[in-house]
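> model this:
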Amino acid sequence: MELRSVAELMDLLHACRGVHDTSGPARSRLRPGGTAPVGDPVDLHGHALQTAALLRRGHPSDKELQVAGLVHVIGQLLGPGDDAGHAGLAAAAVRPLLGERVFGLVRLQAAAERYLAVGPPGHEPSPHAPFAAAGPGGAMTRREAAAFERDPLAEDAVTLRQAADAGRVPGLHAGDLEDWRTLLELVAERSGRAGDRTGAGGPRHPGPAAGLEERSARLGAAD
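Now for the predicted structure:
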């Protein structure tokens, strides 16, 4: 699936309401009798909003990082049960709309989780490290970690992964999804202009980017 409009993306994010992660650490929370996983106590909708809000607070000027935090959850709707493929599915879906950097940050989420499972110097230990180590691919080897660190997006991908680990607080209201529409439109508009310059993605039509940037800045200041 490839998303071609912010409206389509918003519909998918709204559909995350009431859907709970049942991968990784969530599998340890079983229903009485151990018959099926309950899933994460925060649904994907709330998790997306909490992750994006943490990134906006910590990195207010990095709009693409914030957006990556918001959309990284959609792979679990697109491929339920595909634990290893969630990140790739989400990344591929948003690539035509949100561009290469958001695509790369989301795509690297599984790798960032495996990287943090190693306990690399300078990074807080991941609370999900035991599950990442036991999951698809396991914890990275030293050689894999060194290769990951050479990726230009690695550090930002780890920042996103850490925010995602922290963005699972039951009962915490992190704003409304509609508050993010303007920023999604801004990032999509910027991606369209980048496509014009590189020739990627077919013909694009410029929109009111300056107005979007102004509205986005006002939203960030009010946070």
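> Could you check how many residues crowd around H173?
10 (other CB atoms under 10 Å). To be clear about C-beta, it is placed using only N, CA and C from the backbone, and glycine gets the same treatment.
> That one: what secondary structure?
Assigned with DSSP: H, G, I helix; E, B strand; the rest coil, H173 falls in the coil class.
> how about the most centrally placed residue in the chain, what does it touch?
The residue lying closest to the centre of the chain (CA atoms, centre = their mean) is H72, at 2.5 Å. Neighbour list for H72: 48, 51, 87, 90, 105-106, 109, 160, 164 [criterion: CB atoms under 8 Å, 6 or more residues apart in numbering].
> Can you show me the helices along this structure?
6-14, 44-58, 63-71, 75-78, 86-98, 100-107, 109-116, 129-134, 142-149, 154-166, 181-198, 209-222 (DSSP state H).
> hey, which of the ones you listed is tucked in deepest?
helix 63-71 (a mean of 27; mean count of other CB atoms under 10 Å).
> Ignoring the adjacent residues along the chain, who's closest to the residue nearest to the centre of the chain?
V106 (5.0 Å; CB to CB, 6 or more residues apart in numbering).
> go on, I74?
A90 (4.8 Å).
> Model confidence for that neighbour, exactly?
For A90, the model assigns a pLDDT of 97.
> need the contact list for it.
71-75, 78, 106 are the contacts of A90 under CB under 8 Å, 6+ apart.
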